[in-house]
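Engineer: Got a predicted model here, sequence first, then my questions.
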Amino acid sequence: MSIQSWTYVLVGITFSIYIAIAIWSRVQSTKEFYVAGGGVGAWANGMATAADWMSAASFISMAGIISFAGYDGAVYLMGWTGGYVLLALLLAPYLRKFGKFTVPEFIGDRYYSNNARLVAVFCALLVSFTYVAGQMRGVGIVFSRFLEVDINTGVIIGMLIVLFYAVLGGMKGITYTQVAQYCVLIFAFMVPAIFISIQMTGNPIPQLGFGSEISDGSSTYLLDKLDNLNVELGFNEYTDNTKPLIDIFAITLALMVGTAGLPHVIVRFFTVKKVADARKSAGIALLLIAILYTTAPAVAAFARTNLLETISTKSYKDIPQWFKKWENTGLIIFDDLDNDGMIDYTNDDSNELYVDRDIMVLANPEIANLPNWVVALVAAGGLAAALSTAAGLLLVISASVSHDLIKRVYYPEISEKGELVAARISAFFAVCIAGYFGINPPGFVAAVVALAFGLAAASFFPAIVMGIFYKKMNKEGAICGMLAGIGLMLFYMLKFKFDFFGGGLSEDYWFGISPEGFGSVAMILNFIVSFAVMKFTSPTPKKIKDIVDNIRIPENE
Amino acid sequence: MKSKDRYNNYWRTNIKYVSTLLSIWFTFSFLFGIILKDFLNQFSIAGFKLGFWFAQQGSIYVFVILIFTYVILMNNLDKKFGFKK
């Protein structure tokens, strides 16, 4: 069977599974819609969190980015896993004990203020929309590459599927489709990785193959060879840093803290039965995520070595079939500057080759000559990764509107049935807006996603952590802290990414920190402003201190 | 009064666990993976330079172990303080 027929078959099967789950898990109450009734087991929640978490960027772009960035790629690897330690130790158990539906709800109740709630809703919407745009785009990209439909048609197909199970099943539908999506995406990521690891090093475990000798009889280690190849072509050593270490430190921290502050990840821990399950499912989630995240750097190194060996300084006439296929999509561009018919890939002006980062995962199976069904599997996996994350984000958006804005602020007397209708309508509109951003994307997938972390790090993380660990923190402090943090982050992002406020180049970065890492600085500002304002304003009421005491213990007496 | 003491003891032990585990978290990721990367890259295990390995592999394994350690410690603590049904 051809790649395309295999893709139709595998995507068709996986989509039917998602739809079947959606029909089976229709919901009738708001508790089911927002938190799946609070009855999800630790393993199911761990799997759902892992799929929720691993986005189109993790699946499609990350290995490619690492492949080009070498050591610097560690910011994503450590940043997007280390946050789970913060989540498990500092947030998840307490938020579960608090036992409400949304993150703005925690902030609004803990800081006894609807203004705090509104600021939190604003931050949640900003973070989630920034993030969801990347996911819908990812869906479109996968459809267009593998099924040869227009990117926009792909986005619309994706929207319809998500709409179906998010509107019908709310969190319950999302949770169980995410469980299925985890299985699809991890299988789809691991199969090609294992094949390639065996081909290149003879070791079936990519995590070990990555540090083994290359199996061409030369008995050199893969990474040593890669360092040499890189240096020969004028690039940095693969295992050495290109960005300044202070920026690497800041980006890693911002991604970790941002992870722990992302509302769509936090709400997953509202769905488990008890506090002990919240801790356990954070561990399971990270274990399941780590399978992909420790494989990705291996795939990156394999792909880079493969690319340099099969393409660089080779004659264009003898180039393999896949090269021409991806050239047609514009993801590989070869411009023979010196007209010698050879592909010169270098780190200076004589470079003749442009390779899009996303190719490293999407085309890897073809580059390594794997069977057609493996190539198709990657398409199904990419779609699973993008759809699961999009659904989780859409739920946050719809709950922020129907629960935090309508029920808790503007129209408290709304009936349960009315709120459920409102939740479904807002989910519908959220999907439409996400689709719009998917069709008219602001920048490429990973860059946009990385900024969402900065925003989450600068706003939610400090407010929630102080809400749990520091009883004295009052509403004035928390509100001013969040506003200062997110304001500074937005300013920096607009200035250096979108050229507002006079713009600036990388030499102008404050403390040498790029916009991706600036969430760390904005977070520190949030803490400082919170403490300063708290000193000059009225203390936290006794009633709130009692609530905090109560969430610190796993069960009431 | 007794239940107040019990609460304080429980919370203090929790904070002790959290701060110990977070210092390990910091050491393996930020210290070994970033700050000391150049120094550790002088050493190798198998084909990996050590600093590079911590940054792209080792730290992630440590994160998983840290969370499960916390799960076990807290389950025992809950039991000791009678929070376990």
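Structural biologist: That came through, no problem. It should be emphasised that the depicted structure is a prediction, and the values quoted were computed from it without experimental measurement.

Engineer: hey, let's count contacts and neighbours off CA atoms from now on
Structural biologist: OK.

Engineer: Number of residues surrounding A:Leu89?
Structural biologist: A total of 23 residues lie near A:Leu89 under the criterion other C-alpha atoms under 10 Å in any protein chain shown.

Engineer: longest helix in the chain, by residue count?
Structural biologist: Reading this off chain A. helix A:151-201 (DSSP state H).

Engineer: my bad, the chain I had in mind was chain B
Structural biologist: helix B:2-26.

Engineer: about what we covered before: tell me which strands and helices the helix or strand just after the longest helix of chain A is in contact with?
Structural biologist: Note on helix A:151-201: by DSSP states H and E, the next helix or strand toward the C-terminus is helix A:206-209. Judged by 3 or more C-alpha pairs under 8 Å, 6 or more residues apart in numbering or on different chains; DSSP states H and E, helix A:206-209 is in contact with helix A:151-201, helix A:275-310.

Engineer: Just the buried residues of helix A:206-209, please?
Structural biologist: Across helix A:206-209, burial judged by 16 or more other C-alpha atoms under 10 Å in any protein chain shown covers A:206-209.

Engineer: which of the residues in the longest helix of chain B are buried?
Structural biologist: B:7, B:10, B:14, B:17-18, B:21-22, B:25.

Engineer: how about JSON lines for the helices and strands packed on helix A:206-209, with mean neighbour count added?
Structural biologist: As requested, these are arranged in JSON lines below (neighbours: other C-alpha atoms under 10 Å in any protein chain shown):
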{"stretch": "helix A:151-201", "mean neighbour count": "23"}
{"stretch": "helix A:275-310", "mean neighbour count": "23"}
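
Engineer: Give the closest residue to the residue in the stretch 101-250 of chain A that chain B sits nearest to in space, chain neighbours not counted.
Structural biologist: Here the residue of the stretch 101-250 of chain A nearest chain B is A:Gly211; by C-alpha to the nearest C-alpha that distance is 4.3 Å. Spatial nearest neighbour of A:Gly211, excluding adjacent residues (C-alpha to C-alpha, 6 or more residues apart in numbering or on different chains): B:Gly47 at 4.3 Å.

Engineer: May I ask you to confirm that that neighbour is in contact with A:Gly209?
Structural biologist: No - B:Gly47 is beyond contact range of A:Gly209, at 9.3 Å (criterion: C-alpha atoms under 8 Å).

Engineer: ok, now which ones touch the residue nearest to A:Gly211?
Structural biologist: A:210-213, A:221-224 (C-alpha atoms under 8 Å, 6 or more residues apart in numbering or on different chains).

Engineer: Next: A:Leu394.
Structural biologist: A:128, A:132, A:166, A:427, A:430-431.

Engineer: quick check, it in a helix?
Structural biologist: Yes - with DSSP: H, G, I helix; E, B strand; the rest coil as the criterion, A:Leu394 is located in a helix.

Engineer: tell me which parts of the stretch 51-200 of chain A are close to chain B?
Structural biologist: The interface of the stretch 51-200 of chain A toward chain B, taken as C-alpha under 8 Å from any C-alpha of the partner chain, is made up of A:71, A:73-74, A:77-78, A:81-82, A:84-85, A:88-90.

Engineer: which SS class is the residue of chain A positioned farthest from its centre?
Structural biologist: The centre of chain A is farthest from one residue, A:Asp340, which by C-alpha atoms, centre = their mean lies 42.3 Å away. Assigned with three-state DSSP, A:Asp340 falls in the coil class.

Engineer: that older thread, quick check, nearest of the contacts of B:Gly47 to A:Gly99?
Structural biologist: A:Phe210 (43.6 Å; C-alpha to C-alpha).

Engineer: Return the backbone torsion pair for the closest one.
Structural biologist: phi -50, psi -30 (degrees, to the nearest 10).

Engineer: Tell me which residue of chain B lies closest to chain A.
Structural biologist: The nearest approach of chain B to chain A comes at B:Gly47, 4.3 Å away (C-alpha to the nearest C-alpha).

Engineer: Which pLDDT value does the model give that residue?
Structural biologist: You'll see B:Gly47 listed with a pLDDT of 84.

Engineer: now the stretch 401-550 of chain A, which segments are flagged as low pLDDT?
Structural biologist: A:441-450 (pLDDT under 70).

Engineer: what does it put close to chain B?
Structural biologist: So the stretch 401-550 of chain A never meets chain B (C-alpha under 8 Å from any C-alpha).

Engineer: Name the nearest residue to the residue at minimal distance from the centre of chain B, sequence neighbours excluded.
Structural biologist: Centroid-nearest residue in chain B: B:Leu21, 2.9 Å away (criterion: C-alpha atoms, centre = their mean). Setting aside the residues directly before and after it, B:Leu21 is nearest to B:Leu66 in space (C-alpha to C-alpha, 6+ apart), at 6.5 Å.

Engineer: Can you say which helix or strand has that neighbour in it?
Structural biologist: Assigned by DSSP H and E, B:Leu66 falls in helix B:59-80.

Engineer: helix/strand/coil for A:Ser215?
Structural biologist: Per three-state DSSP, A:Ser215 ends up coil.

Engineer: Make sure it is actually in contact with A:Asn203.
Structural biologist: No - using C-alpha under 8 Å, A:Ser215 is not in contact with A:Asn203; the gap is 9.4 Å.

Engineer: Neighbour count: those two, which is higher?
Structural biologist: Taking other C-alpha under 10 Å, A:Ser215 and A:Asn203 do not tie; A:Asn203 has more neighbours (21 against 16).

Engineer: And the more buried one, how far from A:Thr294?
Structural biologist: Separation of A:Asn203 from A:Thr294 (C-alpha to C-alpha, to the nearest Å): 15 Å.

Engineer: How about A:Cys432?
Structural biologist: Distance of A:Cys432 to A:Thr294, computed by C-alpha to C-alpha: 35 Å.

Engineer: ditto for A:Arg424
Structural biologist: Computed as C-alpha to C-alpha, the A:Arg424 to A:Thr294 distance reads 38 Å.

Engineer: again with A:Leu168
Structural biologist: Taking C-alpha to C-alpha, one finds A:Leu168 at 35 Å from A:Thr294.

Engineer: A:Lys225 now?
Structural biologist: As for A:Lys225, its distance to A:Thr294 is 20 Å (criterion: C-alpha to C-alpha).

Engineer: In three-state terms, label the residue in the stretch 451-557 of chain A positioned nearest to chain B for me.
Structural biologist: In the stretch 451-557 of chain A, the residue that lies nearest chain B is A:Glu555 (5.9 Å; C-alpha to the nearest C-alpha). What three-state DSSP gives for A:Glu555 is coil.

Engineer: so it makes contact with B:Phe83?
Structural biologist: Yes - A:Glu555 lies in contact with B:Phe83 (C-alpha under 8 Å); the separation is 5.9 Å.

Engineer: Quick check: of the contacts of A:Leu394, which lies closest to A:Arg304?
Structural biologist: Of the contacts of A:Leu394, the one sitting nearest to A:Arg304 (C-alpha to C-alpha) turns out to be A:Val132, at 29.2 Å.
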